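Colleague: dropping a prediction and its sequence here:
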Amino acid sequence: MTYGTIVMFVVAVVLLFTGIGLLARLASSRITERKTYAYRMIGIMCVSAGVLLVAYALALRSWSAMP
């Protein structure tokens with residue numbers, strides 16, 4: 001596995017945990033309407049970016065393993 005692939009996996013994990021954390025924060029009843037909108041939009045974007053980056057990293061890993 002190359003250094004670039006490892007970095008992609010690390011960034012993907014950070015994005016996924018950030019997005020999941022923001023979406024989990026929506027369960028609190030003390031969040032204002034503005035924060036609800038921001039947490040929902042940023043959380044969804046972070047989760048989707050993390051999933052996409054994992055897919056790219058897996059593809060890069062399999063392509064670089066080919067002889």
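Modeller: Looks like it arrived, so ask away. Numbers count the residues shown, from 1 in each chain.

Colleague: and the lengthiest helix in the chain, which residues are buried?
Modeller: Identified as the longest helix of the chain according to DSSP state H is helix 33-65. Buried residues in helix 33-65, counted by 16 or more other C-beta atoms under 10 Å: 39, 43, 46-47, 49-50, 53-54, 57, 60-61. Glycine gets a C-beta too; all of them are placed from N, C-alpha and C.

Colleague: poorly predicted segments of the protein, please.
Modeller: 66-67 (pLDDT under 70).

Colleague: measure the closest residue to Ile20 other than its chain neighbours to Ser64 for me?
Modeller: Closest residue to Ile20 apart from its sequence neighbours, by C-beta to C-beta, 6 or more residues apart in numbering: Val47 at 6.5 Å. Per C-beta to C-beta, to the nearest Å, Val47 is found 26 Å from Ser64.

Colleague: between the buried residues of helix 33-65, which is nearest Gly21?
Modeller: Gly43 (7.8 Å; C-beta to C-beta).
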